[in-house]
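Asker: sequence and predicted structure, then a few things I'm wondering about:
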Amino acid sequence: MEKQVNKTFYEDEIDLVELFKTLWDKKIFILIFTFIVTASAVLYAYSKTQIYEVKSNVQIGFIGYDEKNEQQLLDNPSSIVKKLNIVFEVEEKTTKIDKFISVVTDISQNKKVKNYIEIKTEATLNEEALKKNKEVLEYLKKLYKPKIDLKSRDILNKINDTKRLIKNIDEFQIKNLEYELSVLEKHKLTQIDKKIDVIKNQDIKKLEKQIKNIKEQKIASIDKKIDVIKNQDIKKLEKQIENINEQEIVKIDEKIKFLHEQTLPSINNKINFHTKKLEEYIIAVNNIVENMKKSSDPSFTTISSIQMVNYQNLILGSQNKIEDLKISKKTIESETIPSLQREKKNFIEITIRDLSLKIKNLINIILKNLKKEKNNLQEIDIRDIKLKIKNLEEITLVNLEKEKQNIQNDTLRKLKYKIDVTLVNEKIKLEQKIKDLEYKLSKNYMQNSSLVGKYIVKDYPVKPKKKLIVVIAFVTGLILSIFLVFLIDFFRKLTEAKSLSKT
């Protein structure tokens, strides 16, 4: 086994030597092929149009600061990047070399500073790439210029409004307060005296008159309504119930009794009478038929036939009368009497009950409500009016006296203080507000997007990368030539082996 392993290692060593020998024999082919591929790459790299790149860092514009003293950007950086990418078709480039002049290759947010974006442009000349880069920045400025202008106009409007407020203080408020002082001194006190007189001589007397009106009219009206309900409405309803019990129900009972005792027996007698007649007519017809059978006289037969027809008509008439009487009887028993009984039941169960409920409603609800209303008038309304009179005497009049004293001792002094101190301080605050608003118009508080530093312009082209292309071509040519050598050698050996096997 050791011999076999040694033999295997020996065979491997022979194969490796043969490989190096094959490469050495074909070294000229390898060199020429590699040179051709490398030379082609050199020609391609130096014949391709040179592309120059310009970079710039742009600070996104801002409008003021938030509570954390951080800049409030014009827009979200990622949103700005998306808009610019769409407008300048960064992600949809299909440019051709013969038409290519300049293009935006990348617009992205700076990973370290969130309010910075990086813009990359490429062109056949540095000047064109720089021009394209500036075009992107100008577009970004124009995009948000209306927002900045709107904010500026808003601040200017606030400044003008504040100036108008200062003017209002100088020209109106101070003058109004001075006028108010004169009015208070001359007229207000007189008005308070008039109010006091009105309360004493009009309002209080009016309330006392209301109390008198409630006692003499409203309560009397309620007592009258209670008396009407007790002596008229309830008695009227009770009389209706009595009338139903004594008249209507009695009439119905009499009708039912009459039907049972008179009408129905009469109908039964008539039925019996016509039934007997019917039997007599039938017997007579039978006798005529038998006599006709016995007799052969034609004249007798004719007379018998006429008699038979008459009896048949009498039989038919009796039968019809019997049926009509039975129908009348059935109608009385199944409809008329039940209808009268239902009517009686309705009087007892519905009409009388409804009238009783009305009486109960008058007693339990309407009378109680009227008594409650009377009680409210006596205990609430009159008491409230008396409280109002007391309120006027003990509060309103006292307050007016106090107001009179305040005007004399306090209000006049406060108005003078407001003119001399409060309005002056307010004016100073407004002037300071104008200064703050003017600061907001400065670039320290609000500005559009701007270039940070300078444009990064490279003096050398970024495309094509000649050295990289040449190195990759050289390595590729070398590897490909070695592969071709081994492939050719493999086919040569395969051909020799076939020829040997044939011999």
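Answerer: Arrived safely.
Asker: drop to CA atoms for contacts and neighbour counts, all remaining ones
Answerer: OK.
Asker: and Val452, its phi and psi?
Answerer: Backbone geometry at Val452, expressed as degrees, to the nearest 10, gives phi -100, psi 120.
Asker: before we move on, what about Glu89?
Answerer: In this entry, Glu89 is assigned phi and psi values of phi 50, psi 50 (degrees, to the nearest 10).
Asker: show me what contacts the nearest residue to it once chain neighbours are set aside?
Answerer: With CA to CA, 6 or more residues apart in numbering as the criterion, Glu89 has its nearest non-adjacent residue at 7.8 Å, and that residue is Val104. Neighbouring residues of Val104 by CA atoms under 8 Å, 6 or more residues apart in numbering: 88-90, 119-122, 132-133.
Asker: give me the subset of those residues that lies in helices.
Answerer: Cross-referencing the contacts of Val104 with the helices (criterion: DSSP state H) gives 132-133 as the overlap.
Asker: select only the buried ones of the contacts of Val104 in ChimeraX?
Answerer: Command for ChimeraX that selects the buried part of the contacts of Val104, burial taken from 16 or more other CA atoms under 10 Å:
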select :88,90,119,120,121,122,132,133
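Asker: ok, Glu53 - contacts?
Answerer: Taking CA under 8 Å, 6+ apart, we find Glu53 in contact with 120-123, 126, 129, 457-458, 461-462.
Asker: list only buried entries from the residues you listed.
Answerer: By neighbour count, with 16+ other CA under 10 Å, these hold 120-123, 126, 129, 461 as buried.
Asker: and of those residues, the nearest to Gln72?
Answerer: Ranking the buried ones among the contacts of Glu53 by separation from Gln72, with CA to CA as the measure, puts Lys120 on top at 25.5 Å.
Asker: is Val113 in a helix, a strand, or coil?
Answerer: Look at Val113: counting by DSSP: H, G, I helix; E, B strand; the rest coil, its state is coil.
Asker: return the distance of it relative to Ile60.
Answerer: Counting by CA to CA, to the nearest Å, the separation of Val113 from Ile60 is 11 Å.
Asker: more crowded one of those two?
Answerer: Legend: neighbour count by other CA atoms under 10 Å for Val113 and Ile60, higher for Ile60 (25 against 9).
Asker: distance of the more buried one from Gln378?
Answerer: In terms of CA to CA, Ile60 sits 80 Å off from Gln378.
Asker: same deal with Lys21?
Answerer: Separation of Lys21 from Gln378 (CA to CA): 136 Å.
Asker: now for whichever strand or helix holds Ile283, which elements pack on it?
Answerer: Element membership for Ile283, per DSSP states H and E: helix 264-294. Using 3 or more CA pairs under 8 Å, 6 or more residues apart in numbering; DSSP states H and E as the contact definition, the elements that helix 264-294 packs against are helix 298-331.
Asker: who are the packing partners of the helix it packs on?
Answerer: Looks like helix 298-331 contacts helix 264-294 (3+ CA pairs under 8 Å, 6+ apart).
Asker: mind listing what's buried along the helix it packs on?
Answerer: By neighbour count, with 16+ other CA under 10 Å as the criterion, the buried positions of helix 264-294 are 264, 267, 270-271, 274-275, 277-278, 281-282, 285, 288, 292.
Asker: widest-spaced pair of those residues?
Answerer: By the measure CA to CA, those have their two most distant members at Leu264 and Met292, which lie 41.9 Å apart.
Asker: among the contacts of Glu53, which one sits closest to Leu494?
Answerer: Leu494 has its nearest neighbour among the contacts of Glu53 in Val462, at 49.1 Å by CA to CA.
Asker: wouldn't that closest one be in contact with Val54 here?
Answerer: No: proximity of Val462 to Val54 does not meet the contact threshold set by CA atoms under 8 Å, at 9.8 Å.
Asker: the strands in this structure, which residues?
Answerer: Counting by DSSP state E, the chain has strands at residues 52-59, 62-65, 71-73, 102-109, 116-123, 446-447, 450-457.
Asker: can I get the first one as PDB, trimmed to CA atoms?
Answerer: This means strand 52-59. Backbone C-alpha positions of strand 52-59 (Å, rounded to 0.1, in the frame of the first residue of the first chain) are rendered in PDB as follows:
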ATOM      1  CA  TYR A  52     -15.900  65.100 -14.600                       C
ATOM      2  CA  GLU A  53     -17.600  65.200 -11.300                       C
ATOM      3  CA  VAL A  54     -18.600  68.100  -9.000                       C
ATOM      4  CA  LYS A  55     -19.800  67.700  -5.400                       C
ATOM      5  CA  SER A  56     -21.400  70.200  -3.100                       C
ATOM      6  CA  ASN A  57     -22.800  70.100   0.400                       C
ATOM      7  CA  VAL A  58     -26.000  72.100   0.900                       C
ATOM      8  CA  GLN A  59     -27.500  73.200   4.200                       C
END
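Asker: so that strand versus strand 102-109, what angle?
Answerer: Taking axes from the mean of the first three to the mean of the last three CA atoms, to 10 degrees, strand 52-59 and strand 102-109 form an angle of 40 degrees between their directions.
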